[in-house]
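Asker: starting from these lines, generate the structure:
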Amino acid sequence: MTIRILLVEDDERLAELTAEYLTKNDMQVTIEPRGDTAEARILAEQPDLVMLDVMLPGKDGFEVCRAVRTNYRGVILMLTARDEDFDQILGLEMGADDYIAKPVQPRVLLARIKALLRRLPTSDSPASESEKMVFGQFNISQSTRTAVLSGESIDLTTAEFDLLWLLASHAGNVLSRDDLLQELRGIGFDGLDRSIDARISRLRKKLNDDPENPTRIKTVRGKGYLFSKHDWN
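Answerer: Numbering: from 1, shown residues only. Down below sits the predicted model:
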């Protein structure tokens, strides 16, 4: 099945070059140059992936991301200015699945897109027990990419689910930022990347984990994060 991408970018030349490259790699790309009209298109068309620039006319990428996140189940890849950590973290907090700094090499962009799309749920095979985990009142299923806590479904982005599944798969063990980044994004921790921290913060809020004294996803100072096997009742 052809992958459908909506590229929200107001730089006409850049958008055309990007769309041309991705099209040559068997992806269907449409371009939207304005933020204030992108929201309706995303929700109506439900593309597999949205590439969303930060600086847009009408409405910035952060506003668009926040507005569509609840009702859009695909992947949101934010395009940020190089070295703007604030943009990157804010994008993740608004619900983006990943970010990439501009300018970016086409091959790097394609690899990142493919990595993100591999995480989308499929209905090709039935669920197995290894694709489900239960911790007290918390249930998580990889096949349906759903998480349920005390009977309530948790609304998670693609990236949040991937991080949660990875942590839960290693319940009781500490995973460093480097471990998590290597597994989720194929890059090492450079000492500055705060994307994992931002997602952990969002997960704690959604899992009703006290941010001041978390017990479900614990911070192990100087080492990383630990998903508790207990504290889910």
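
Asker: domain-wise, how is the chain divided?
Answerer: If you go by automatic domain parsing, the domain ranges for the chain are 3-117, 129-227.

Asker: what's the following helix or strand after the helix or strand bottoming out on mean pLDDT in the chain?
Answerer: Sorting the helices and strands of the chain by mean pLDDT, DSSP states H and E puts helix 85-93 at the bottom, at a mean of 68. On the C-terminal side of helix 85-93, the closest following helix or strand by DSSP states H and E is strand 98-102.

Asker: alpha carbons of that next one, as PDB, please.
Answerer: The C-alpha trace of strand 98-102 is given here as PDB (Å, rounded to 0.1, in the frame of the first residue of the first chain):
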ATOM      1  CA  ASP A  98       9.600  12.900  16.400                       C
ATOM      2  CA  TYR A  99      11.400  15.900  15.100                       C
ATOM      3  CA  ILE A 100      14.200  16.500  12.600                       C
ATOM      4  CA  ALA A 101      16.300  19.600  12.200                       C
ATOM      5  CA  LYS A 102      16.500  21.500   8.900                       C
END
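
Asker: of the domains of the chain, flag the one that's most buried.
Answerer: domain 3-117 (a mean of 18; mean count of other C-beta atoms under 10 Å). Just so you know, the C-beta spots here come from the backbone N, C-alpha and C atoms, and that holds for glycine as well.

Asker: quote the end-to-end distance of it.
Answerer: In domain 3-117, first residue to last residue: 9 Å (C-alpha to C-alpha, to the nearest Å).

Asker: chain center to it, what's the gap?
Answerer: Relative to the chain's own centre, domain 3-117 is displaced by 12 Å; criterion: C-alpha atoms, centre = their mean, to the nearest Å.

Asker: I'd say R73 and L43 touch.
Answerer: No - R73 lies out of contact with L43 (C-beta atoms under 8 Å); the separation is 10.6 Å.

Asker: what pLDDT does the spatially most central residue of the chain get?
Answerer: Geometric centre of the chain, nearest residue: D97, 1.8 Å, by C-alpha atoms, centre = their mean. Per-residue pLDDT puts D97 at 85.

Asker: for it, give its distance to I42.
Answerer: Using C-beta to C-beta, to the nearest Å, D97 is found at 13 Å from I42.

Asker: over to S143?
Answerer: According to C-beta to C-beta, S143 stands 26 Å off from I42.

Asker: L22 touches I113, doesn't it?
Answerer: Yes - L22 is within contact range of I113, at 7.5 Å (criterion: C-beta under 8 Å).

Asker: quick one on the thing from earlier: I figured the residue nearest to the centre of the chain hits I76, correct?
Answerer: Yes - using C-beta under 8 Å, D97 is in contact with I76, at 5.3 Å.

Asker: list the residues that contact both of those two?
Answerer: T157 (C-beta atoms under 8 Å, 6 or more residues apart in numbering).
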